[in-house]
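**Student:** Give me coordinates for this.
(4 chains)
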Protein chains: 2
Amino acid sequence: MFHMEPEALERFTWYMREQSALTVMFHARVAEQMGLSATDEKCLDLAMRADGPLTAGRIAELSGLSTGAVTGVIDRLERAGYVRRVRDPHDRRKVLVEVTVGDVDKFGAPFEKARDSLVEVLGHFDGAELQVIERYLQLQIETFRKRVIDT
Amino acid sequence: MFHMEPEALERFTWYMREQSALTVMFHARVAEQMGLSATDEKCLDLAMRADGPLTAGRIAELSGLSTGAVTGVIDRLERAGYVRRVRDPHDRRKVLVEVTVGDVDKFGAPFEKARDSLVEVLGHFDGAELQVIERYLQLQIETFRKRVIDT
DNA sequence: TGGAACATCTTAGCCAGTAAGACAATTCCT
DNA sequence: AGGAATTGTCTTACTGGCTAAGATGTTCCA
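**Tutor:** Numbering: from 1, shown residues only, chains lettered A, B, ... in the order given. Alright, predicted model coming up:
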């Protein structure tokens, strides 16, 4: 455990904040590019990052929207061709939201640009350094989720 | 320059994506905690991260909202006590939006938790490793802004 | 000085959001 | 097994923020 000077912590806080703002802008770009509202893109992202298909109700929970709003979201996503409604064969009350776009990472210029810039950034580091960065990212995600989101 | 295996790139892409989703959730938490909509919080964040006070019009540009919408945003932020309207003495058409909350980082539990988890994460690295991470963050922010946002 | 350009605010109309309840399927309980 | 309670989604009525267009007040410049 290394003790950190206050100025260093301040710098890192600034990085976090900056990264955070850029991320919000990025999502706005992606949504615009895909012809979706921020809300719809957010829900689509949830559906894509999930293991299996999500139910409409689960999307409501995860997104914080009402179930009625989610009905509208899925309507629009379905009309735009990004997802498909499938009734759950085991419980026919449920509606499974299946993402129909094979590889959405390939969808839209912002994703490609993001991927490119990631490659460019990582190209500046050697193997040992990449290990440090990877450890940092894993720890950061895990800790942030545990301490900030899941509470 | 180090050549990267495809699986490693895939892992890093996943980290980016995960971080991105967590960030969006974080902003939602902050907004909720402050009693603001996502839009209002986004605009307040813009005003806080700027060097000097922003004009209403500049906030419209940066946020992508119409000027009419920004009028409403500032109304709500002002009523909630986060900002104050000040007419620009040099150009009295302009409205400068002054953030009135001294240190907004101290505002709300989510910010504190985020700060705590940052300290916790960084505590797992020694000085040399922190330098690598800092270099990574700087490069990441700079590259991402240049390649993804400013185009 | 008078008109064009500019910055913000106001207004009307629209669309997405919530809350409450309807409908359909499932589960529980006796 | 059969009716009641529960669950999951959709529908409806209503609210509120957003856009577009125009009004108002200010500055710039010929």
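
**Student:** Beyond the biggest helix by length in chain A, next helix or strand please.
**Tutor:** Scanning chain A for the helix with the most residues, using DSSP state H, yields helix A:6-34. Next along the chain after helix A:6-34, taking DSSP states H and E as the criterion, comes helix A:38-49.

**Student:** near DNA strand D, anything from that following helix?
**Tutor:** No: contact of helix A:38-49 with DNA strand D (CB under 7 Å from any atom of the strand) is absent, the minimum separation being 10.1 Å. From N, CA and C alone the C-beta is placed, and that goes for glycine too.

**Student:** Going by contacts, tell me the helices and strands next to that helix.
**Tutor:** Contact partners of helix A:38-49 among helices and strands, from 3 or more CB pairs under 8 Å, 6 or more residues apart in numbering or on different chains; DSSP states H and E: helix A:6-34, helix A:56-63, helix A:67-79, strand A:95-99, helix B:6-34.

**Student:** who touches that helix?
**Tutor:** A:27-28, A:30-31, A:34, A:36, A:53-54, A:59, A:62-63, A:65, A:69-70, A:73-74, A:76-77, A:82-83, A:97, A:99, A:104, B:17-18, B:21, B:24, B:38 (CB atoms under 8 Å, 6 or more residues apart in numbering or on different chains).

**Student:** Could you tell me the model confidence score at the residue positioned nearest the centre of chain A?
**Tutor:** Closest to where the C-alpha atoms of chain A average out (CA atoms, centre = their mean) is A:Asp45, at 5.4 Å. Predicted confidence (pLDDT) for A:Asp45: 95.

**Student:** about what we covered before: ok, and of the contacts of helix A:38-49, which contact DNA strand C?
**Tutor:** A:65, A:69, A:73, A:76.

**Student:** Please pick the buried ones from those.
**Tutor:** A:65, A:73, A:76 (16 or more other CB atoms under 10 Å in any protein chain shown).

**Student:** what's near enough to touch the last one?
**Tutor:** Meaning A:Arg76. By CB under 8 Å, 6+ apart, the residues touching A:Arg76 are A:36-37, A:40.

**Student:** Go ahead and build a PyMOL selection from the buried members of these.
**Tutor:** Buried residues among the contacts of A:Arg76 (16+ other CB under 10 Å), as a PyMOL selection:
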select buried, chain A and resi 36+40
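
**Student:** if we take the contacts of A:Arg76, which one ends up nearest to DNA strand C?
**Tutor:** When these are compared for distance to DNA strand C (CB to the nearest atom of the strand), A:Ser37 wins out at 5.7 Å.

**Student:** Now that closest one: closest residue in space that isn't a chain neighbour?
**Tutor:** Spatial nearest neighbour of A:Ser37, excluding adjacent residues (CB to CB, 6 or more residues apart in numbering or on different chains): A:Ala31 at 6.4 Å.

**Student:** quick one on the thing from earlier: dump the buried ones among the ones next to DNA strand C among the contacts of helix A:38-49 into CSV; add pLDDT and distance to DNA strand D as well.
**Tutor:** Below are these laid out as CSV (pLDDT from 0 to 100; distance: CB to the nearest atom of the strand, whole Å):
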residue, pLDDT, distance to DNA strand D
A:Leu65, 97, 11
A:Val73, 98, 9
A:Arg76, 97, 12
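
**Student:** Looks like A:Val121 contacts B:Leu139 (just checking).
**Tutor:** Yes: contact criterion CB atoms under 8 Å: A:Val121 and B:Leu139 qualify, at 5.0 Å.

**Student:** and these two? which has more neighbours close in?
**Tutor:** More crowded of A:Val121 and B:Leu139, by other CB atoms under 10 Å in any protein chain shown: A:Val121, with 22 against 17.

**Student:** Would you agree that one falls within a strand?
**Tutor:** No: applying DSSP: H, G, I helix; E, B strand; the rest coil, one finds A:Val121 to be helix, outside a strand.
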